[in-house]
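Participant: Need the 3D shape of this:
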Amino acid sequence: MKNLVIVSFPAKEGMLDDLKETLKVALPDTRSFEGCISVDTYIEDSTNTVYLIEDWVSLDDQSRYLNWRVETGLLDVLDPLLDGGAGGLKAIICGPKYMDI
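Facilitator: As a prediction, the model looks like this:
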């Protein structure tokens, strides 16, 4: 991985299927966004949380992508689906792999 980003989407009770469908529609655009190497999806059923494990060429690419998502209104679509609204979404920007630790 070049630059690891982990994003968690905690679904509201009863909204996991809607969240999965929304992401199913949104993720092809994510995967084709300039600088995106890959996006893998995992679901923790016990907490109704979807995790995206993303790999980006650079963190600048990921930042441009995130700004684009805000500008195009994806957070507004996700807001009613997420526990805590759009504020419940969490992104962990890990960056590059460290080989010397």
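
Participant: What are the buried residues along stretch 41-60?
Facilitator: By neighbour count with 16 or more other C-beta atoms under 10 Å, stretch 41-60 contains the buried residues Asn48, Thr49, Val50, Tyr51, Leu52, Glu54, Asp55, Trp56, Leu59. All C-beta spots, glycine's among them, are computed from the backbone N, C-alpha and C.

Participant: tell me the contacts of the closest residue to the fourth one other than its chain neighbours?
Facilitator: The one in question is Tyr51. Excluding the flanking residues, the one nearest Tyr51 by C-beta to C-beta, 6 or more residues apart in numbering is Tyr42, at 4.5 Å. Listed by C-beta atoms under 8 Å, 6 or more residues apart in numbering, the contact partners of Tyr42 are Val50, Tyr51, Leu52, Ile53.

Participant: can you rerun that using 10 Å?
Facilitator: Going by C-beta atoms under 10 Å, 6 or more residues apart in numbering, Tyr42 touches Ile6, Ser8, Thr49, Val50, Tyr51, Leu52, Ile53.
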